[in-house]
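Chemist: compute the structure for the input listed below.
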Amino acid sequence: MADQAPNILDTWPRYIATCADSLGGPDAFLDSWYERYMSRWPSLRSLFLRDYAEQRESWRQLGATWIYPAARDRFSAMAKAHVCLLKIIPTLDARYRAMLGGRAAMRYVVCVDMGFAGWACRYCGRRAVFLGLAQIARLGWHRPKTLMDLAAHELGHHAHDTWRRRARLTEPVAGPVGQLYGEGLAQRLGHVLGGGCWHQASGDWQDWLSVLSG
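Modeler: Numbering: from 1, shown residues only. Now for the predicted structure:
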């Protein structure tokens, strides 16, 4: 397969130009995030805010509690994560396309998030992996090995979903069993893509193994 540059939406330069100096307090930072930084991509901003609303979460509360402190105190870790991701993504994207074939187009969005480190979803009608620099830095996941594991895991979710749709399978079972199934497959596929075992998936899904077997 011929080399193909991955589709990366890198918002970090915009963040540096519009938001990185607004660290006098959480309100100023969040206003800058919303009005200056994310205003370049209104559909992206709407996607984030809509997801939080569906989860009955306040993006401003999340930002003030988790993201503002990371942006204020862990700029170096965010910058390192940004550099590492731009190096890692081409390798992972090539492996993902080799695994799934020519229809496996993916967009990678590197951004300053409001509470997520990795998220496999759809953006502007196509598959996307969101990689949130603030949460990555806050959790100490900014080193190459951990970033490879994280991004590969999110791609694993997309690979699983692609194969399921191609086979016209029904939606997986909801609840803990369904999440255990989805996260387990994503972990295995992420490992095939070159990542390590990813034990940080939300919901402590591996703890359910003992519940299901007990």
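Chemist: every contact and neighbour count from this point should use C-alpha atoms.
Modeler: OK.
Chemist: in the protein, where's the longest helix?
Modeler: helix 75-100 (DSSP state H).
Chemist: same question for that helix, mean pLDDT?
Modeler: Taken as a whole, helix 75-100 has a mean pLDDT of 94.
Chemist: buried stuff in it?
Modeler: For helix 75-100, burial by neighbour count (16 or more other CA atoms under 10 Å) applies to 75, 77-78, 81-82, 84-85, 88-90, 92-97.
Chemist: mind telling me the two of those farthest from one another?
Modeler: When CA to CA is used, the two most widely separated members of the buried residues of helix 75-100 are Phe75 and Arg97, lying 32.5 Å apart.
Chemist: which parts of the chain are strands?
Modeler: 7-10, 107-111, 118-123, 126-132 (DSSP state E).
Chemist: coming back round to it: quick check, nearest of the buried residues of helix 75-100 to Arg107?
Modeler: Asp93 (9.4 Å).
Chemist: identify the residues contacting the residue nearest the centre of the chain.
Modeler: The centre of the chain sits closest to Gly118, judged by CA atoms, centre = their mean, with a distance of 2.1 Å. Gly118 makes contact with 129-132, 150-151, 154, according to CA atoms under 8 Å, 6 or more residues apart in numbering.
Chemist: got the CA positions of stretch 85-93 in CSV?
Modeler: In CSV, the C-alpha atoms belonging to stretch 85-93 read as follows (Å, rounded to 0.1, in the frame of the first residue of the first chain):
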residue,chain,number,x,y,z
LEU,A,85,1.2,12.4,18.7
LEU,A,86,2.3,13.9,15.5
LYS,A,87,5.1,11.3,15.3
ILE,A,88,2.9,8.4,16.3
ILE,A,89,-0.2,9.0,14.3
PRO,A,90,1.3,8.3,10.8
THR,A,91,2.6,4.9,11.9
LEU,A,92,-0.7,3.9,13.5
ASP,A,93,-2.8,5.2,10.6
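Chemist: which ones are touching Leu131?
Modeler: Taking CA under 8 Å, 6+ apart as the test, what Leu131 contacts is 108-111, 113, 116-119, 151.
Chemist: take those and lay them out in a markdown table including pLDDT and distance to Tyr15.
Modeler: Below are these laid out as a markdown table (pLDDT from 0 to 100; distance: CA to CA, whole Å):
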| residue | pLDDT | distance to Tyr15 |
| --- | --- | --- |
| Tyr108 | 97 | 17 |
| Val109 | 97 | 13 |
| Val110 | 98 | 11 |
| Cys111 | 97 | 8 |
| Asp113 | 92 | 11 |
| Phe116 | 91 | 17 |
| Ala117 | 93 | 17 |
| Gly118 | 92 | 18 |
| Trp119 | 92 | 20 |
| Ala151 | 91 | 21 |
